[in-house]
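Asks: Provided below for reference: sequence and predicted model.
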Amino acid sequence: MNSPETAAESGATTPICSAKGCRADAVWVLAWNNPKLHTPERRKTWLACEEHREHLSSFLDVRGFLKDVVTLAEWESGADGRGPS
């Protein structure tokens with residue numbers, strides 16, 4: 001999977017989907033953690049386009065890792081208290 005990076009970090013104009021081989025613009029943020037490795041409040045993120053949101057969410061959810069799915073705009077605004085402000 002591609003590492004989810006912000007546009008500033010990657011040098012790209014928009015973040016891209018984390019699905020392997022996908023170069024589509026990200027629309028969703030999938031916040032997750034592995035309870036065997038991360039503290040409960042820690043959130044790692046994958047980015048997803050419309051096409052891959054369900055697949056990536058299911059992959060994480062089956063393992064008990066998925067914590068939240070929000071739009072990229074909502075995550076970037078920090079309005080929900082989860083993403084960067």
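Replies: Great, that's in hand.
Asks: could you list every helix and strand that the longest helix along the chain packs against?
Replies: In the chain, taking DSSP state H as the definition, the longest helix is helix 53-62. Identification of packing neighbours for helix 53-62 by 3 or more CB pairs under 8 Å, 6 or more residues apart in numbering; DSSP states H and E yields strand 28-32, strand 44-48, strand 66-71. Every residue, glycine included, has its C-beta placed from N, CA and C.
Asks: pull out the buried positions in the last one.
Replies: Within strand 66-71, the residues that qualify as buried by neighbour count (16 or more other CB atoms under 10 Å) are 66-67, 69-70.
Asks: still on that earlier bit, next, format the helices and strands packed on helix 53-62 as CSV and append mean pLDDT and distance to residue 77.
Replies: Supplementary listing: the helices and strands packed on helix 53-62 in CSV, determined by pLDDT from 0 to 100; distance: least, CB to CB, whole Å:
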stretch, mean pLDDT, distance to residue 77
strand 28-32, 98, 11
strand 44-48, 97, 15
strand 66-71, 97, 9
